[in-house]
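Asker: here is the input, now give the coordinates:
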Amino acid sequence: MQNFDFKPKAFLFDLNGTMINDMQYHTMAWHSIMNEDLGANLDYETVKQEMYGKNHEVLERVFGRNKFSPSEIEKLSMDKEKKYQEGYFPHLALISGLDKFLDLTRQKNIAMAIGSAAIPFNIDFVVDGLNIRNYLNAIVSADDVEISKPDPETFLKAAAALNISPQDCLVFEDAPKGVESALNAGMKCIVLTTTHSIEEFDGYPNILGYISDYNDEKLNSLF
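Answerer: Have a look, this model is predicted:
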């Protein structure tokens with residue numbers, strides 16, 4: 001059952017898969033590097049399941065701790081991000097309806113922030129590439145947190161940067177680990193079905209409902 005009867009004081013957006021529909025390009029970039037460069041022999045779906053957290057955490061989950069030196073991790077991470085940006089750049093666009101949703105949110109004086117596991121290199125690529133920085137009151141990136149989602153640190157820091165209580169924030173997410181992070185932060189959540197099926201979110205009590213894009217009229221209940 002979906003119930004959007006909630007009046008938040010802030011919207012916290014995960015970035016990838018939530019503001020832009022780009023997760024397949026992250027997955028393709030890692031799939032290429034893991035298999036072609038690192039000989040992992042992993043299928044696409046296996047790589048897709050690891051698409052959360054910081055880059056070094058992804059590498060540790062797949063290859064184990066201490067497989068790569070810090071300098072090797074840094075190089076692999078940047079190689080991956082360059083491959084991702086090269087692949088996604090021709091398709092760079094906000095998820096349908098988000099431009100109008102951002103305008104309406106600003107008109108209603110609701111604060112907005114990004115809380116993402118992306119590094120600033122990628123956040124800047126999106127935010128400046130789509131000219132949406134002026135909508136955002138705060139940005140929390142991978143470089144700003146010690147522990148990635150599903151730890152609540154990302155969203156709690158975003159709420160603190162906005163000076164708004166966690167219970168007054170609404171998170172937009174596309175991944176189960178992100179929803180879990182919002183739950184751990186004491187925040188309600190709306191799920192974008194861009195990356196995962198609804199069935200993959202079973203058991204999360206903080207989900208108000210699901211949308212495929214920001215044209216969904218149910219979002220009007222938030223204002």
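
Asker: mind giving me the packing neighbours of the host helix or strand of Thr105?
Answerer: When elements are assigned from DSSP states H and E, Thr105 belongs to helix 98-107. In terms of contacts (3 or more CB pairs under 8 Å, 6 or more residues apart in numbering; DSSP states H and E), helix 98-107 is packed against strand 111-115. (C-beta placed from N, C-alpha, C; glycine too.)

Asker: what residues does the host helix or strand of Gly178 touch?
Answerer: For Gly178, the enclosing helix or strand under DSSP H and E is helix 176-184. Identification of contacts with helix 176-184 by CB atoms under 8 Å, 6 or more residues apart in numbering yields 12, 14, 18, 52-53, 149-152, 154-155, 171, 173, 188-189, 191, 196, 200-201, 204-207.

Asker: and stretch 24-35, by the same measure?
Answerer: Contacts of stretch 24-35 (CB under 8 Å, 6+ apart): 16, 40-42, 44, 47-48, 50-51, 58, 62, 76, 79-81, 83-84, 87-88, 91.

Asker: distance check, the residue nearest to Ser116 when sequence neighbours are not counted against Glu217.
Answerer: Excluding its sequence neighbours, the residue lying closest to Ser116 (CB to CB, 6 or more residues apart in numbering) is Leu15, at 4.0 Å. To Glu217, Leu15 is 24 Å away according to CB to CB, to the nearest Å.

Asker: where does this protein have low pLDDT?
Answerer: Across the chain, the stretches falling below the confidence threshold (pLDDT under 70) are 1.

Asker: now the helices: where do they sit in the protein?
Answerer: Listed from the start of the chain, the chain has helices (DSSP state H) covering 23-32, 44-48, 55-63, 70-88, 98-107, 120-129, 153-162, 176-184.
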